[in-house]
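[1] Turn this into a model:
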Amino acid sequence: MKTKNIKKSKIRTLSQSKKRAWEAFSKYVRLRDAIKTTGTLTTLACITCGKRYPAFGVGCAQAGHFIPGRGNSVLIDEDFVHGQCYNCNVNLRGNWIKYERAMIKMWGKEKVEEAKNRKDEVKIMKVYEWQALEELYKLKYATLINTYNSTRV
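    Residues are numbered from 1 along each chain as shown. Prediction:
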């Protein structure tokens, strides 16, 4: 009797699921900001210094958080994560003063203060919630590309 090779789906851990959701979200943010800031799919302008960087690949921009930290309450927030160069995001620790000015201009002082207050919130998330976020941002990424391409035809 022959047995079929049945591929078992791997069960992901919480940290693996969170990492994959973050990767999908980061990719979406960089594409969103490339389209928004340069009108291309490949280059974006840093939210804080304005310099242009590749959106993907070696030496590319990052998805930088206005609210620092990797806590669940601020990790994936479309309003307060933007394309940011490595220098501003890492070396200048977010280039926070310029980032805050950009956020106040974009969202208003009240919404920015509300976001800052969320930093210390505890938000417990399950594996399936991270997986749903991963799928959501993969879909949003594909939708952005399709919309961009359909407007260029």
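
[2] For the chain, which segments count as strands?
    With strands called from DSSP state E, the chain shows them at 43-45, 52-54, 62-65, 81-84.

[3] tell me the most buried of the ones you listed?
    Of all the strands of the chain, strand 81-84 has the most neighbours on average by mean count of other C-beta atoms under 10 Å, namely a mean of 28. Where C-beta positions appear, they are placed from N, C-alpha and C, glycine not excepted.

[4] what's the model's confidence in it, averaged?
    Regarding strand 81-84, the rounded mean pLDDT is 98.

[5] Does anything pack onto it? Which helices or strands?
    Other elements packing on strand 81-84 under the criterion 3 or more C-beta pairs under 8 Å, 6 or more residues apart in numbering; DSSP states H and E are helix 14-38, strand 62-65.

[6] Need the nearest residue in space to the residue nearest the centre of the chain, chain neighbours excluded.
    By C-alpha atoms, centre = their mean, the chain has its centre lying nearest to Ser26, at 3.0 Å. For Ser26, ignoring the flanking residues on the chain, the nearest one in space by C-beta to C-beta, 6 or more residues apart in numbering is Ala63 at 3.9 Å.

[7] With Tyr28 as the reference, measure out to the one you found.
    8 Å (C-beta to C-beta, to the nearest Å).

[8] same thing with Trp107?
    19 Å.

[9] which of these two has more neighbours?
    Legend: neighbour count by other C-beta atoms under 10 Å for Trp107 and Tyr28, higher for Tyr28 (23 against 15).

[10] who's in contact with the residue nearest to Phe80 when sequence neighbours are not counted?
    Spatially, and ignoring its direct neighbours in sequence, Phe80 is nearest to Phe66 (4.1 Å; C-beta to C-beta, 6+ apart). Shown in contact with Phe66 (C-beta atoms under 8 Å, 6 or more residues apart in numbering): Phe80, Val81, His82, Gly94, Tyr99, Glu100, Met103, Val112, Ala115.

[11] now, of the helices and strands packed on strand 81-84, which is deepest in the fold?
    strand 62-65 (a mean of 21).

[12] what residues does it touch?
    Strand 62-65 is contacted from outside by 25-26, 29-30, 47-48, 74-75, 77, 80-86, 88-90, 94, 99, using C-beta under 8 Å, 6+ apart.

[13] if you set the cut-off to 10 Å instead, what comes out?
    22-23, 25-30, 32-33, 46-48, 53, 71, 74-77, 80-86, 88-90, 94-95, 99, 119 (C-beta atoms under 10 Å, 6 or more residues apart in numbering).
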